[in-house]
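# Got a predicted model here, sequence first, then my questions.
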Amino acid sequence: MSAAVSGNSALPLPGPESRPVPEPALLVEGLRIGIDGRVLVDDVAFAVAPGECVALVGESGAGKSLTVRALLGLLPERAEASADALVVDGVDAWRASEREWRGLRGARIALVSQDALVSLDPLRRIGAEVAEPLEIHGSLNRSARADRVRELLVDVAMPDPERRARQRSHELSGGLRQRALIASALAADPAVLIADEPTTALDATVQARVLALLRRIADDGTAVVFVSHDMAAVRRIADRVVVLRDGHVVEHGPAAQVLAAPREQYTRELVRASTRTPRIPPAGGAPVIATVTGIGKSFDRPVLRDASFTLRGGRTLGVVGESGSGKTTLARILLGVERADRGTVAWADGVRPRVQLVHQNPLGAFDPRWTIGRSLREALAAGGVPRGLRAARVAALLGEVGLDPALAGRRPAALSGGQRQRAAIARALAADPEVLVLDEPVSALDATVRARILSLLERLQRERGLTMLLVSHDLGVIASVADDLLVMQDGEIVEQGPAAQVLDAPKHPFTRELLAASDPPPSGSSL
C-alpha cells in the first residue's frame, strides 16, 4: 500500500476559524481526465471532511461520472488522467496499484449507485449482497457476519430485516433495494461514501427517506459525496456544493450560499429549473372528452380499485402517486392497450379520439437500428401520410419540437437524453393525436432539460389544443403543468380536483405526505 499522505483541503471547510479543521477524509486536487485526446475533466479540486456531505452537481456531460470513477480508481483504460493529489482516508490513492485499489474500494471508499436493481445480483439473496464486503475486507466468521448484516439492515431502517435478508432484489421495492445497496456500501465501515444519483428513479416520499438516511450517515461521521443533477435533493442533504460544467468547477461554497445566491449564471439556471410553481389553468370551461366510472383491474393482486374521474379537453390531468399505486395501469387503460376488469371509459360522442403515448425511456422505445427519421416516417405511414409528403413532414415535426431537421439522420444512441425525448414527442405528434398520455416523460432528465421539455409540452398544448394525461411520481413536475390532479395510493384515487386547490389545501394524509416530501413544496402549498 502506498504511503499515507496528509494535508488540508484545497477549498476552505466551513466553520469558525477557531474551530479545529479535521483532516479531509477525501482530498482531490488538480484532477484532469481526457479520452481520445479530448479533455473531459480539467483541474477539479474539492475536499470532504468526516461528517460532511459535499454535493457534486451539474448537467449530463459536466464530468460528474468520470470524476466519481477516478475517485474509485475505475477510469476506463483509454482514459489519460493526472492529479496533483487524490487522498482517500489518508492514503495516497493516486499512486495506488490495482491490487492496492482493491483493498481501498469497499474498505475506505464505497459507492452507492443510481440503479440498485442493476447493482444487486438478481440471483443472490440480499443478506449475501450485504455480507460480501465483510467477506472481502473483514475477519468475521459466518455467524458474526450474519449478525453484522442484520445490524446494517436495521441501521438503514430496513423493515423486517431478517425476512428481507432472505429475499432477492426483485422482491424488494425501489426504496428497499436502495437501502440494501447503502447497507452493503457501509458494511466495511468506509471513511468515504459516494452516492451517485441515488434517488433519481425513486418516488418523492421514498426519495425523502433515502436522503434523510444519507444525511444521518454523514452526521454519524462518514464523509459523503452526493452526486446529483437535482438541486432540490441537494438542498436537503448537502453542507457544501461543487458545481461542474464541461469538466470545470464553476462555483463552490456552502450549500445555503450557493443555492440562495449563486454567483454564476449556470448555477442560477440549475436552481431556477428545480423551482417550480403551480400552473395557472386556462380560463373558460373545458368540454368533458372522457368519463371514467368505477374501473378496476387485477393481475396477481388488485392494482386499480373503483377509479372514477373526468378528462377535459385542452387541459392537463396530472396523476401522481408512488410506484405500485396504479398510475401506469390507469394510463394503459386510457390508451386502450389494457382492458379494465370492471367499470367503463365513456368517450364523448361514443368515439375514442386519437391517443398517443410518450414513454419514460425514449432510448428503449426507439428501434436502435433505425434513424430517427425512419422512425418518424414509419409513424407517418401508419397515419396514412403519402410517401411523397413524409420527408417534409419529418422535418416539420422535428422543427416543431425544437430539433434540427438534420438530426433525422442520426440513430437514438447518438442523441442526448433531451433530444431523444423531443424526438419521442415528435413521433407521437406524427399521428396528429387529440390526447397525449405521458408516462414519467422527464424523470431521467437533468433539471434544466426537464424544464425545457415541460415548456415544450405546454407550448404544443396551446398550439394544437391537445389534451394531456401526465403520469409522474414527482409532485413538483405535476404542479408545474397540471390543471387537474389525481392522487393515487394502493390502486385508489384518494384525492382529486383542480391542481391548485389540491396543492393549496390537501385533504388526504397521503397527499400531505407527498407535499411534505417535495423539497421545496410547490409554491402555493399550505404545508
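Everything's here; your move.

# CA atoms for contacts and neighbours, from now on please.
OK.

# buried residues in stretch 339-351?
Residues of stretch 339-351 classed as buried: Arg339, Ala340, Gly343, Thr344, Val345, Trp347 (neighbour count, 16 or more other C-alpha atoms under 10 Å).

# Can you tell me how far the third one is from Ile333?
The spacing between Gly343 and Ile333, counted by C-alpha to C-alpha, to the nearest Å, is 11 Å.

# repeat for the first one
The span separating Arg339 from Ile333 equals 6 Å under the rule C-alpha to C-alpha.

# Could you tell me which of the buried residues of stretch 339-351 are located in helices?
Using DSSP state H, no member of the buried residues of stretch 339-351 falls in helices.

# Would you format these as CSV with distance to Leu485 and pLDDT included?
Below are these laid out as CSV (distance: C-alpha to C-alpha, whole Å; pLDDT from 0 to 100):
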residue, distance to Leu485, pLDDT
Arg339, 23, 95
Ala340, 21, 96
Gly343, 21, 97
Thr344, 20, 96
Val345, 18, 95
Trp347, 19, 95
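
# Out of those residues, list just those in strands.
Gly343, Thr344, Val345, Trp347 (DSSP state E).

# so the first one sits right up against Thr293, yeah?
In this case it means Gly343. Yes - using C-alpha atoms under 8 Å, Gly343 makes contact with Thr293 at a distance of 5.6 Å.

# so what sits against both of those two?
Asp306 (C-alpha atoms under 8 Å, 6 or more residues apart in numbering).

# For the one helix or strand Leu211 maps to, give the mean pLDDT please.
According to DSSP states H and E, Leu211 maps onto helix 204-219. Regarding helix 204-219, the rounded mean pLDDT is 89.

# So which helix or strand of the protein has the lowest pLDDT on average?
Taking mean pLDDT, DSSP states H and E as the measure, helix 116-119 is the helix or strand of the chain with the lowest mean score, a mean of 73.

# For the stretch 301-450 of the chain, which segments count as strands?
302-312, 316-321, 342-347, 355-358, 435-439 (DSSP state E, counting those that start in this stretch).

# so which of the ones you listed comes closest to Leu152?
strand 316-321 (29.2 Å; C-alpha to C-alpha).

# Report the angle between the closest one and helix 204-219.
Put simply, strand 316-321 runs at 50 degrees to helix 204-219, going by axes from the mean of the first three to the mean of the last three C-alpha atoms, to 10 degrees.

# what's strand 316-321 in contact with?
So strand 316-321 is contacted by 203, 311, 327, 467-475, 478, 481-489, 499 (C-alpha under 8 Å, 6+ apart).

# Inside helices: which ones of those?
Lys327, Leu475, Ile478, Val481, Ala499.

# okay, who's weakest in the residues you listed by pLDDT?
Leu475 (82).

# For Asp92, grab phi and psi.
Dihedral angles of Asp92 (phi, psi; degrees, to the nearest 10) stand at phi -70, psi 90.

# Bridged to it, which residues?
Val87 (DSSP bridges).

# Equivalent analysis for Leu31, please.
In this entry, Leu31 is beta-bridged to Val44, by DSSP bridges.

# what's the neighbour count on it?
Close neighbours of Leu31, defined as other C-alpha atoms under 10 Å, add up to 22.

# Distance of it relative to Asp84?
7 Å.

# Figure out how far the helix or strand Arg145 falls within is from the centre of its chain.
Here Arg145, judged by DSSP H and E, is contained in helix 142-155. With C-alpha atoms, centre = their mean, to the nearest Å as the basis, helix 142-155 stands 30 Å off its chain's centre.

# can you pull the contacts of Thr222?
With C-alpha under 8 Å, 6+ apart, Thr222 has these contacts: Pro50, Gly51, Glu52, Pro190, Ala191, Val192, Leu193.

# which non-adjacent residue is nearest the second one?
Ranked by C-alpha to C-alpha, 6 or more residues apart in numbering and with sequence neighbours excluded, the top spatial neighbour of Gly51 is Gly221, at 3.8 Å.

# I'd guessed that neighbour sits against Ala25; true?
No - with contact defined as C-alpha under 8 Å, Gly221 does not reach Ala25; the gap is 10.0 Å.

# hey, what's in contact with both of the two?
Joint contacts of Gly221 and Ala25 (C-alpha under 8 Å, 6+ apart) are Pro50.

# Which one's more surrounded, these two?
It is Ala25, of Gly221 and Ala25, that has more neighbours when counted by other C-alpha under 10 Å, with 26 against 15.

# now the residue nearest to the more buried one when sequence neighbours are not counted: how far from Phe46?
Among residues not flanking Ala25 along the chain, Asp89 sits closest, at 4.6 Å (C-alpha to C-alpha, 6+ apart). The spacing between Asp89 and Phe46, counted by C-alpha to C-alpha, is 14 Å.

# Tell me which stretches of the stretch 101-250 of the chain form strands.
So, for the stretch 101-250 of the chain - with DSSP E, counting those that start in this stretch - the strands run 109-112, 192-196, 223-228, 240-245, 248-254.

# Which of those strands sits closest to Pro161?
strand 109-112 (19.4 Å).

# hang on, the earlier thing: tell me which residues touch the residue nearest to Gly51, please.
Pro50, Gly51, Glu52.

# before we move on, back to that, which of the contacts of Thr222 tops the neighbour count?
Neighbour-wise, those (other C-alpha under 10 Å) top out at Val192, 32 neighbours.

# On the pLDDT front, check that one for me.
97.

# neighbours around Glu264, how many?
12.

# hmm, who's touching stretch 303-310?
Under C-alpha under 8 Å, 6+ apart, the answer for stretch 303-310 is 288-298, 324-326, 329-330, 343, 490-493.

# Distance from the chain centre to it, please.
On C-alpha atoms, centre = their mean, the centre of stretch 303-310 falls 27 Å from the chain's centre.

# Give me the average confidence score over it.
96.

# circling back: mind checking which of the contacts of stretch 303-310 land in strands?
288-298, 343, 492-493.

# Could you report the separation of the most centrally placed residue in the chain from Ala413?
By C-alpha atoms, centre = their mean, the chain has its centre lying nearest to Thr200, at 2.1 Å. Separation of Thr200 from Ala413 (C-alpha to C-alpha): 21 Å.

# on that earlier part again, I'd like to know which of the contacts of stretch 303-310 are buried.
Buried subset of the contacts of stretch 303-310 (neighbour count, 16+ other C-alpha under 10 Å): 289-290, 292-293, 295-297, 325-326, 329-330, 343, 490-493.

# of all those, which comes closest to Asp42?
Nearest member of those to Asp42, counting by C-alpha to C-alpha, is Ser325, at 44.5 Å.

# any low-confidence regions in the stretch 1-150 of the chain?
1-21, 116-117 (pLDDT under 70).

# what do you get if the cut-off is 80, keeping everything else the same?
Applying pLDDT under 80 to the stretch 1-150 of the chain flags residues 1-22, 114-118, 138-139.

# What segments of it are helices?
Assigned by DSSP state H, counting those that start in this stretch, the stretch 1-150 of the chain shows helices spanning 64-71, 98-104, 116-119, 126-137, 142-155.

# Compare these and report which one is nearest to Ala273.
Among those, helix 64-71 sits nearest to Ala273 (C-alpha to C-alpha), with 18.8 Å.
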